[in-house]
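> show me the folded form of this:
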Amino acid sequence: SLQFLLNYKKIELINSNSFEYLKKKKYKVKNNILLFLDGNYNHKEILVREGQKIKKNSEEYINALKYNLSVFQKIFRKPVEIALHPSSDILLYKKKFPSFKITQGHTCEKIYSSSVVFFHESSSIRDAIILNKRIICFNTNLLGNYVSNLIDAYIKNLKVPYINIDKIENIKDIKKIISKKNSNINKNNLKKYSYENLIPDGNNIPSDKVLKKIKEFILNE
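Now for the predicted structure:
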């Protein structure tokens, strides 16, 4: 499956840009908010694949999301913020989610300020993993098979606690899922994932290593 790597003369392992942000302390680490990472349920790519289903289920999805975010707001006693995907319509989200603060374009900074990060599927979750933030996945079938399969892959690979937002869970059951015991297991799983996938190159800053290797390559040539 890695035959395409034969096209390259030399392959170098580097750390993720999330690691570089952390090492250079671009933002201060805080624990002030509960953050939901939006993936834009109206994204063009998703609509092409699952358009009819999303249109049919959109209100049910929004209500399910609002309910669960409100429940976690009560459990953790912290405000909820929604960090929008760049392609999301901020006016639409403000209309649909009037009880929560909506931001767009500051996702990394918001993750650094978060106590708990919720998501379906998002590449920005790497920043939360690097920071060892508490992560909870919102599982759903309301956005079609494509998104559902992506969510399942994240749950399998990250081994994070997840809530099925398609059904109404009472607060007692949700607290069991996010118990201290499960939280500690989750942190150990994410730490292992981080060192294997996001920080596989020790303490090396990725941009520094890229420049160094380019210079070495030029000199050797």
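
> contacting residues for residue 46?
Counting by Cβ atoms under 8 Å, 6 or more residues apart in numbering, residue 46 makes contact with 40, 54, 143-144, 146-147. Yep, even glycine has a C-beta here, placed from its N, CA and C like the rest.

> who wins for most neighbours among these?
Among these, residue 143 has the most neighbours (other Cβ atoms under 10 Å), with 24 neighbours.

> go ahead and confirm that one touches residue 41.
Yes: between residue 143 and residue 41 there is a contact at 5.6 Å, judged by Cβ atoms under 8 Å.

> hmm, back to that, in strands, which of the contacts of residue 46 appear?
If you go by DSSP state E, the contacts of residue 46 have nothing in strands.

> got JSON lines for those residues, with pLDDT too?
Below are the contacts of residue 46 laid out as JSON lines (pLDDT from 0 to 100):
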{"residue": "40", "pLDDT": "82"}
{"residue": "54", "pLDDT": "69"}
{"residue": "143", "pLDDT": "88"}
{"residue": "144", "pLDDT": "86"}
{"residue": "146", "pLDDT": "86"}
{"residue": "147", "pLDDT": "88"}
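
> can you redo those residues as CSV with distance to residue 128?
Shown next, in CSV, are the contacts of residue 46 (distance: Cβ to Cβ, whole Å):
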residue, distance to residue 128
40, 18
54, 26
143, 21
144, 25
146, 23
147, 19
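
> and which of those residues is nearest residue 17?
Comparing the contacts of residue 46 against residue 17 with Cβ to Cβ picks out residue 40 as the nearest, at 21.6 Å.

> ok, longest helix in this structure?
helix 44-76 (DSSP state H).

> summarise which helices and strands the next helix or strand after that helix is packed against.
Next along the chain after helix 44-76, taking DSSP states H and E as the criterion, comes strand 80-84. Applying 3 or more Cβ pairs under 8 Å, 6 or more residues apart in numbering; DSSP states H and E, we find strand 80-84 packed against strand 33-37, helix 44-76, helix 90-96, strand 101-104, helix 107-112.

> buried set for stretch 87-104?
Residues 88, 93, 96-97, 100, 102-104 are the ones in stretch 87-104 that count as buried (16 or more other Cβ atoms under 10 Å).

> which of these lies closest to residue 112?
Closest to residue 112 out of the buried residues of stretch 87-104 is residue 103 (12.9 Å), distances taken as Cβ to Cβ.

> residue nearest the centroid of the protein?
Centroid-nearest residue in the chain, with Cα atoms, centre = their mean: residue 125, separated by 2.6 Å.

> ok, now how distant is it from residue 36?
Going from residue 125 to residue 36 by Cβ to Cβ, to the nearest Å gives 11 Å.

> quickly list what's touching both of those two.
Common contacts of residue 125 and residue 36 (Cβ under 8 Å, 6+ apart): 117, 119.

> who wins for proximity to residue 27 among the helices and strands packed on strand 80-84?
Comparing the helices and strands packed on strand 80-84 by Cβ to Cβ, helix 107-112 comes nearest, at 3.9 Å.

> can you tell me which helices and strands that closest one packs against?
Secondary-structure packing of helix 107-112 (3+ Cβ pairs under 8 Å, 6+ apart): strand 33-37, strand 80-84, helix 125-130.

> residues in contact with the following helix or strand past that helix?
Reading on from helix 107-112 to the C-terminus, the next helix or strand found by DSSP H and E is strand 114-119. Under the contact criterion Cβ under 8 Å, 6+ apart, strand 114-119 has outside partners 30-37, 39, 69, 72, 76, 78, 111, 125, 128, 133-138, 154.
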